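Q: generate coordinates for the sequence data below:
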Amino acid sequence: MEIFRSISEYVDISVLLFYVIIALIIFITRKKWQVESKFIFLLRTKWGINVIDKFTDKNKELVKIIGYSAIGVGFLGMLLIIGFLLRGVYELFFVPNAPPVMSLVIPGVKIPGSPIFLPFWYGILALFVVIVFHEFGHGVVAKAHGIPIKSTGIAFFGPLPGAFVEPDEKKVTKASSPVQVSIFASGPFFNAILSGITILILLLILNPILSSMIVPSGVKFSSIQEGYPAAAAGLEKDVIYTHINGKPIEDKTTFTNIISCSAPGDNITLQNENKSITITLTENPNNKEKGYMGVSGITTEYTLKDKKLKTPYQIVYMLTTLLEWIFMLSLGIGLANLLPLGPVDGGRMLHTALIDVKGKEKRITIMVKNKLDYISSINTSFVCSNN
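A: The predicted model follows:
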């Protein structure tokens, strides 16, 4: 029983059951799966190849332009993620309790030490969309340069679901270096495009719709600091307070403005339907002339304008949450794939670019050597003719 309790702290039993079922399905159909590196399972299919072909045929030149644009953006992204990692290494040694710069996320599983928890169904759907978009980018750019797609398919990286598009690797290696790098960079670039699309939908459509359905109803606090007036007065975290000094709290700005205009020794009364708490402010640690109550994580709470809006609001809210996770995962996975490591896109981009540079250096060296030999032969001929 203790084992199950410890497991349930990190993963819901229903989520664990889902992963067990997936593992059983893979085991039962194991002859259809290809295993790589002992924990990567690939199921090759022809799904989506027609979609890639038709899209590319209609937009070939545009896709090529996108692919070449991805090269510059990809290398800038590589520098960005390297900078993040270097900052993370610095903070690891010199900043106490600094959060990790990168973290593994598994839908429905709480990773010890990770600041991010990815809800199960949102995570599964968001990962599917992000990875399909990523692989679609590789596929269409390869196809635009005349490289056929051999297969597509489903992948499992341990418990993490994924997808893949497999161009003809022999033809990829025979293509010019810019074409190869554009194919590798296109996956992360399509992730950036997806992030841009989702943030525009959120800002221009979904968030305004949500805002039109709700009104501010008060504030709550995620943390109450021990040793300060709020804790001493019995203020509770995650409880909504609707009034301050007898007046409705419109949002957290109303609350913070009143506190910022208060002085040490002033009394602040917070109320809701169930209780009224009076707090005598103390000195603000950063400004002794300002009052301070000892709370943090102040957020505005909202209520529906009309109870009839409950179902539409829940639908739009779920869609908004899904797109928020798609935005974050698309950005994160796109940048992670730009790491200059062997198996990922960034590693292949850098490897191809360096080989190209080395090849050019070799060709320049040969050209210079040939030119010098030619000049030397002229000089020798000139000397001989003078003799």
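
Q: okay, CA-based contacts and neighbour counts for the rest of this
A: Will do.

Q: show me where the chain has helices.
A: Along the chain, the stretches classed as helices by DSSP state H are 2-8, 13-28, 49-58, 60-94, 120-144, 169-174, 177-201, 207-213, 229-233, 252-260, 310-336, 345-386.

Q: show me what the third one is packed against.
A: Where contact means 3 or more C-alpha pairs under 8 Å, 6 or more residues apart in numbering; DSSP states H and E, helix 49-58 is packed against helix 120-144, strand 149-157.

Q: between the ones you listed, which gets nearest to Pro312?
A: helix 120-144 (18.4 Å; C-alpha to C-alpha).

Q: ok, back up a step: quickly, which of the helices of the chain bottoms out on average pLDDT?
A: Mean pLDDT per stretch puts helix 2-8 lowest among those, at a mean of 46.

Q: tell me which of the helices and strands packed on helix 49-58 sits most buried.
A: Compared across the helices and strands packed on helix 49-58, helix 120-144 shows the largest average neighbour count, a mean of 22 (mean count of other C-alpha atoms under 10 Å).

Q: helices and strands around that helix, which ones?
A: Short answer (3+ C-alpha pairs under 8 Å, 6+ apart): helix 120-144 packs on helix 49-58, helix 60-94, strand 149-157, strand 160-167, helix 177-201, helix 310-336.

Q: tell me the most buried of the ones you listed?
A: Mean neighbour count (mean count of other C-alpha under 10 Å) peaks for helix 177-201 among the helices and strands packed on helix 120-144, with a mean of 23.

Q: packing partners for that one?
A: Packing partners of helix 177-201 (3+ C-alpha pairs under 8 Å, 6+ apart): helix 60-94, helix 120-144, helix 310-336, helix 345-386.

Q: helix 120-144 and that one, what's the angle between them?
A: Computed with axes from the mean of the first three to the mean of the last three C-alpha atoms, to 10 degrees, the direction of helix 177-201 lies at 140 degrees from that of helix 120-144.

Q: what's in contact with helix 177-201?
A: Contact partners of helix 177-201, identified using C-alpha atoms under 8 Å, 6 or more residues apart in numbering, comprise 66-71, 73-74, 130, 133-139, 141-142, 145, 172-173, 323-324, 326-328, 330-331, 333-335, 337-338, 345-346, 348-349, 352-353, 356.

Q: for Thr152, which of the helices of the chain is the nearest?
A: Comparing the helices of the chain by C-alpha to C-alpha, helix 49-58 comes nearest, at 7.1 Å.

Q: just the angle for that closest one relative to strand 149-157, thanks.
A: 130 degrees.

Q: neighbouring contacts of helix 49-58?
A: Against helix 49-58 from outside (C-alpha under 8 Å, 6+ apart): Val63, Phe136, Gly139, Val140, Val141, Lys143, Ala144, Ile149, Ser151, Thr152.

Q: now swap in stretch 92-107 and tell me
A: Here stretch 92-107 has contacts from 84-85, 88, 91, 111, 114-124, 159-160, using C-alpha under 8 Å, 6+ apart.

Q: rerun at 6 Å
A: By C-alpha atoms under 6 Å, 6 or more residues apart in numbering, the residues outside stretch 92-107 that reach it are Gly88, Leu118, Pro119, Phe120, Gly123.

Q: what about the nearest residue to the second one once chain neighbours are set aside, neighbour count?
A: The shortest distance from Leu118 to any residue other than its chain neighbours is 5.0 Å, reached at Pro107 (C-alpha to C-alpha, 6 or more residues apart in numbering). The burial count assigned to Pro107 is 21, neighbours taken as other C-alpha atoms under 10 Å.

Q: tell me how far Pro107 lies from Met213.
A: 30 Å (C-alpha to C-alpha, to the nearest Å).

Q: what of Leu127?
A: As judged by C-alpha to C-alpha, Leu127 and Met213 stand 29 Å apart.

Q: now swap in Glu61 and tell me
A: Look at Glu61 and Met213: by C-alpha to C-alpha, they are 44 Å apart.

Q: cool, and Ile326?
A: 24 Å.

Q: how about Ile205?
A: For Ile205, the distance to Met213 - C-alpha to C-alpha - is 13 Å.

Q: same check on Val20?
A: Distance from Val20 to Met213, by C-alpha to C-alpha: 41 Å.

Q: ditto for Gly187
A: In terms of C-alpha to C-alpha, Gly187 sits 37 Å off from Met213.

Q: one more: Gly346?
A: Distance from Gly346 to Met213, by C-alpha to C-alpha: 44 Å.

Q: so between these two, which is more surrounded?
A: Gly346 (26 against 17).

Q: give the contact list for Gly158.
A: Going by C-alpha under 6 Å, 6+ apart, the list of residues near Gly158 reads Phe39.

Q: for Glu36, give the beta-bridge partners.
A: Counting by DSSP bridges, Glu36 is bridged to Ile40.

Q: that one: how many residues sit nearby?
A: Counted by other C-alpha under 10 Å, the residues lying close to Glu36 total 10.

Q: try the one 4 residues further on
A: Burial of Ile40, expressed as a neighbour count using other C-alpha under 10 Å, amounts to 15.

Q: one step back: any chance of the helices of the chain in a markdown table, with distance to Leu270 too?
A: A markdown table is the format used below for those (distance: least, C-alpha to C-alpha, whole Å):
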| stretch | distance to Leu270 |
| --- | --- |
| helix 2-8 | 37 |
| helix 13-28 | 40 |
| helix 49-58 | 59 |
| helix 60-94 | 39 |
| helix 120-144 | 36 |
| helix 169-174 | 67 |
| helix 177-201 | 36 |
| helix 207-213 | 25 |
| helix 229-233 | 10 |
| helix 252-260 | 10 |
| helix 310-336 | 28 |
| helix 345-386 | 54 |
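
Q: what's the burial count for Asn97?
A: Asn97 has 9 nearby residues by other C-alpha under 10 Å.

Q: do Ser176 as well
A: Neighbours of Ser176 (other C-alpha under 10 Å): 11.

Q: ok, now which ones touch it?
A: Neighbours of Ser176 in contact, by C-alpha under 6 Å, 6+ apart: none.
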